[in-house]
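J.: Starting from these lines, generate the structure:
(2 chains)
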Amino acid sequence: NAGVTQTPKFQVLKTGQSMTLQCAQDMNHEYMSWYRQDPGMGLRLIHYSVGAGITDQGEVPNGYNVSRSTTEDFPLRLLSAAPSQTSVYFCASSYSGLFTDTQYFGPGTRLTVL
Amino acid sequence: AQSVAQPEDQVNVAEGNPLTVKCTYSVSGNPYLFWYVQYPNRGLQFLLKYITGDNLVKGSYGFEAEFNKSQTSFHLKKPSALVSDSALYFCAVRDGPSGGSYIPTFGRGTSLIVHP
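T.: Residues are numbered from 1 along each chain as shown, chains lettered A, B, ... in the order given. Below you'll find the model as predicted:
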């Protein structure tokens, strides 16, 4: 059981570039989420999904897109990177409940936008 | 709006001594409360949660937390600290079904340093 995996671990982008952060889980969890972690702040929810084909916005969705074509995968797309998107990004999954159940987090992707 | 506060940026404790990491919250309904731990360059790991029932919740690695509704607190405790407990600890809250928001709010984190 690999749990929640994220790629890449590190990424440097130039302003205006686009990229996709990958997230996969092998626990057959229905719920998946993307968070960003900034220094001195708690995690903030970007987007989440309650199952394949169903996604919704979180607290800070602007500049990001998601899709959920399979139960296992939940990629996060940065459409046009901005320095304000420099952050550490975490993907998480849970078996049941809309943020009422234990979340399992991936190791994170550290993104720098120049 | 819901909120969570971790009033201490850093907690220092000697190995073998009891530790407390504080968390207070504000929600409209009955809260779902969580503690997570983050080791350097790692993702968050679940420690324990309060949904309903007994106010004293026992979790992983010997940690426990007490839900206090009147003081709106959910402090994390451990009777005897280990150097390996040194990490960043996050409290998180989600409002209950009768509350306003289902999106979880995380605290800013408390750095726990256990000295040998």
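J.: quick one: low-confidence parts of the chain?
T.: Just going to use chain A. The model of chain A has no residue with pLDDT under 70.
J.: that's the wrong chain, I meant chain B
T.: B:99-100.
J.: what are the ranges of the helices in it?
T.: For chain B, helices defined by DSSP state H do not occur.
J.: So which bits of chain B are right by chain A?
T.: Neighbours of chain A within chain B, by C-beta under 8 Å from any C-beta of the partner chain: B:4, B:32, B:34, B:36, B:41-46, B:49, B:51, B:90, B:92, B:94, B:102-109. Every C-beta, even on glycine, is put in place using the N, C-alpha and C of the backbone.
J.: got the residues of chain A near chain B?
T.: A:4, A:40-45, A:58-59, A:90, A:92, A:98-100, A:102-108.
J.: Show the buried residues in those.
T.: When those are checked for burial by 16 or more other C-beta atoms under 10 Å in any protein chain shown, the buried set is A:4, A:42-45, A:58, A:90, A:92, A:98-100, A:102-108.
J.: sorry, back to before: ChimeraX command to pick out the buried ones of the residues of chain B next to chain A?
T.: A single ChimeraX command selects the buried members of the residues of chain B next to chain A (16+ other C-beta under 10 Å):
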select /B:4,32,34,36,43,44,45,46,49,51,90,92,94,102,103,104,105,106,107,108,109
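J.: In strands, which of the residues of chain B next to chain A appear?
T.: Among these, the ones falling in strands (DSSP state E) are B:4, B:32, B:34, B:36, B:44-46, B:49, B:90, B:92, B:94, B:105-106.
J.: how long is stretch B:27-44 end to end?
T.: 23 Å (C-alpha to C-alpha, to the nearest Å).
J.: actually stretch A:23-41, sorry about that
T.: 23 Å.
J.: Enumerate the positions of that stretch that are buried.
T.: A:C23, A:A24, A:Q25, A:H29, A:E30, A:Y31, A:M32, A:S33, A:W34, A:Y35, A:R36, A:Q37.
J.: How about stretch B:1-9?
T.: Those would be B:Q2, B:V4, B:Q6, for stretch B:1-9 by 16+ other C-beta under 10 Å.
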